[in-house]
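>>> got a sequence here, can you build the structure:
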Amino acid sequence: MQATLDHTMMRVEDLDASLDWYTTHLGYEEKGRWEADTFTNVFLGPEDAHEEGALLELTYNHDGRTYDHGDAWGHIAVRVEDVYDAYEELMDQGVEDYRDPDSCGGSYAFVRDPDGHEVELVERDHGARYSLDHTMLRVEDADAAIGWFTRKLEYELFRREEFDDFALYFLKPEGAADEAMSVELTYNYDGRTYDVGDAWGHVAVRSSDLHETWDTLMARGAEDYRDPESCNDRYAFTKTPDKQEIEIVTRD
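Numbering: from 1, shown residues only. Predicted coordinates:
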């Protein structure tokens, strides 16, 4: 099972404002769009996105609802060559001054989009500028969460950072390109619990055979949340132990 990360989905309250923010400040272009009666999905990414690179999916519901961010969802991270230069450029463009590089030890920084979604800037020597580097999720049991991704999706733990009161674990499929997005699991040692909220939707993984991948996940004890038949055989959903949704999508 390859299960390369295909996209991460966030819900937005003003689609035009969100599209303007990502296309203007990050230079994203529209890669695809799905217009339904009650919602619109737009897929965005850099012009020169890598073939294994992940996209950002913005979901806009037409009924004018608002969203709760919760705290189980953390952020998306995008790649830059120099975090100070990138942050200063965004400030010059009028982006909100949220967490500058100095406040983050000089190695990363954060901005926020119009819906308050956090976007981390991380320095990388690979990948298109502002391409998705990772999606961060907070977990209540690090062992269970790591075990889920390694057992169910055959991911490998390729980096870990242990601190006094929290730890970070980065996972993606073995053999995935450097340019592929990873999942960052954040575990706080104080035993806190989290609320998933509804402003963040899911991460999606690619499959060459939807039903075969689904059957494998079921055999490995993944949650039967939304099977392929219930999704018109176009995609399917399971959940992690922390109830974060994982979509399976078919890609050649």
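>>> only C-alpha atoms for contact and neighbour calcs from this point on.
Will do.
>>> run through this protein and note the low-pLDDT ranges.
252 (pLDDT under 70).
>>> so where do the strands sit in it?
5-11, 29-35, 39-45, 55-61, 73-80, 108-112, 118-123, 132-139, 155-162, 166-173, 182-188, 200-207, 235-239, 245-250 (DSSP state E).
>>> any chance of those in a markdown table, with mean neighbour count and distance to residue 223 too?
Output for those, formatted as a markdown table (neighbours: other CA atoms under 10 Å; distance: least, CA to CA, whole Å):
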| stretch | mean neighbour count | distance to residue 223 |
| --- | --- | --- |
| strand 5-11 | 23 | 19 |
| strand 29-35 | 13 | 27 |
| strand 39-45 | 19 | 25 |
| strand 55-61 | 23 | 23 |
| strand 73-80 | 23 | 19 |
| strand 108-112 | 21 | 32 |
| strand 118-123 | 22 | 28 |
| strand 132-139 | 25 | 17 |
| strand 155-162 | 15 | 18 |
| strand 166-173 | 19 | 20 |
| strand 182-188 | 23 | 19 |
| strand 200-207 | 22 | 15 |
| strand 235-239 | 21 | 5 |
| strand 245-250 | 21 | 10 |
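>>> let's have those strands in JSON lines, adding distance to residue 224.
Shown next, in JSON lines, are those (distance: least, CA to CA, whole Å):
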{"stretch": "strand 5-11", "distance to residue 224": "20"}
{"stretch": "strand 29-35", "distance to residue 224": "25"}
{"stretch": "strand 39-45", "distance to residue 224": "24"}
{"stretch": "strand 55-61", "distance to residue 224": "23"}
{"stretch": "strand 73-80", "distance to residue 224": "22"}
{"stretch": "strand 108-112", "distance to residue 224": "34"}
{"stretch": "strand 118-123", "distance to residue 224": "30"}
{"stretch": "strand 132-139", "distance to residue 224": "20"}
{"stretch": "strand 155-162", "distance to residue 224": "20"}
{"stretch": "strand 166-173", "distance to residue 224": "22"}
{"stretch": "strand 182-188", "distance to residue 224": "21"}
{"stretch": "strand 200-207", "distance to residue 224": "16"}
{"stretch": "strand 235-239", "distance to residue 224": "6"}
{"stretch": "strand 245-250", "distance to residue 224": "11"}
